[in-house]
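>>> after the sequence you'll find the predicted model.
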Amino acid sequence: MDVRYMIPLNGLKEGAAEFRWHVGKEFFKEFGNEEIKDADISAWAEAVKSGKYIGIDCRISGKVTVECDRCLGDLELPVETERKFSIKFGEAEESAGAEEGERETVILPENDTELDMGQIIYDYTCLSLPMQRVHPEGGCDPETLKYLGSGKPGGQSADSPFSSLKGLLNENNKK
């Protein structure tokens with residue numbers, strides 16, 4: 001990954017140090033992500049060192065452009081997430097898991113001198129996006145919606161093969 005997203009763990013002095021990065025669409029292309037068509041994201045990290053302890057507070061905010069699941073048009077989504085984690089050097093422990101409210105733990109090999117924030121920024125940005133990505137009601141491309149029927153979720157257009165069955169249940173209930 002690009003050195004722009006690195007935190008030099010060896011060079012950290014006692015106390016806090018801030019790091020800021022801008023992330024654009026090229027960043028996601030480096031990861032092979034074709035779903036994110038455009039991005040304007042600011043990532044901020046504060047590394048706090050105290051003795052052997054290193055804590056990282058990370059905030060990611062901005063917007064990404066993806067394809068709408070309904071009309072396939074461009075859809076701009078906000079990105080807003082915060083994560084806190086601690087750096088541990090050594091091997092992964094069997095019971096290494098964060099309890100509710102605690103920091104996540106990132107375990108690095110003893111000889112690592114830098115933390116690659118690129119993967120962390122990528123992962124948390126993607127995790128902050130909703131599973132279903134659609135425009136708000138009325139925001140989809142009307143031309144595309146004509147081909148989808150009524151354009152309403154679960155709705156049927158008048159020329160649907162099921163439209164002739166619509167009143168069938170009501171007629172049977174009256175008899």
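Now that the structure is in, tell me what you want to look at. Numbers count the residues shown, from 1 in each chain.
>>> in the sheet, who's paired with residue 88?
Beta bridges link residue 88 to residue 107, judged by DSSP bridges.
>>> got a list of what it touches?
Taking CB atoms under 8 Å, 6 or more residues apart in numbering, we find residue 88 in contact with 96, 105, 106, 107, 108. Placement of C-beta: from N, CA and C, glycine included.
>>> one more time with 10 Å
52, 53, 54, 96, 105, 106, 107, 108 (CB atoms under 10 Å, 6 or more residues apart in numbering).
>>> drop anything exposed from the residues you listed.
Neighbour counting over these (16 or more other CB atoms under 10 Å) leaves 54, 108 as the buried ones.
>>> return the closest of the contacts of residue 88 with respect to residue 130.
Nearest to residue 130 among the contacts of residue 88 is residue 106, at 25.9 Å by CB to CB.
>>> rewinding a little: can I get the contacts of residue 88 in CSV with pLDDT and distance to residue 76?
Putting these into CSV (pLDDT from 0 to 100; distance: CB to CB, whole Å) gives the following:
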residue, pLDDT, distance to residue 76
52, 81, 43
53, 86, 39
54, 90, 35
96, 49, 38
105, 86, 34
106, 85, 31
107, 84, 36
108, 84, 35
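>>> could I get the contacts of residue 88 as a markdown table with distance to residue 11?
Converted to a markdown table, those look like this (distance: CB to CB, whole Å):
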| residue | distance to residue 11 |
| --- | --- |
| 52 | 15 |
| 53 | 16 |
| 54 | 12 |
| 96 | 26 |
| 105 | 22 |
| 106 | 18 |
| 107 | 20 |
| 108 | 15 |
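>>> between the contacts of residue 88, which is closest to residue 8?
residue 54 (11.3 Å).
>>> now do the strands in this protein.
According to DSSP state E, the chain carries its strands in the segments 6-8, 15-23, 38-50, 53-67, 74-89, 104-108, 114-116.
>>> closest one to residue 141 among these?
Closest to residue 141 of the strands of the chain is strand 74-89 (CB to CB; 9.6 Å).
>>> related to what we said a few turns ago, who wins for proximity to residue 129 among the strands of the chain?
Once CB to CB is applied to the strands of the chain, the stretch that comes out nearest is strand 74-89, at 6.1 Å.
>>> what residues does the biggest helix by length in the chain touch?
For the chain, the longest helix by residue count, based on DSSP state H, is helix 117-128. Here helix 117-128 makes contact (CB under 10 Å, 6+ apart) with 1-7, 19, 21, 23, 27-28, 30-31, 33, 35-36, 39, 41, 43, 45, 47, 56, 58-62, 64, 77-83, 85, 104, 106.
>>> where does residue 168 land on pLDDT?
The score at residue 168 is 71. That number is its pLDDT.
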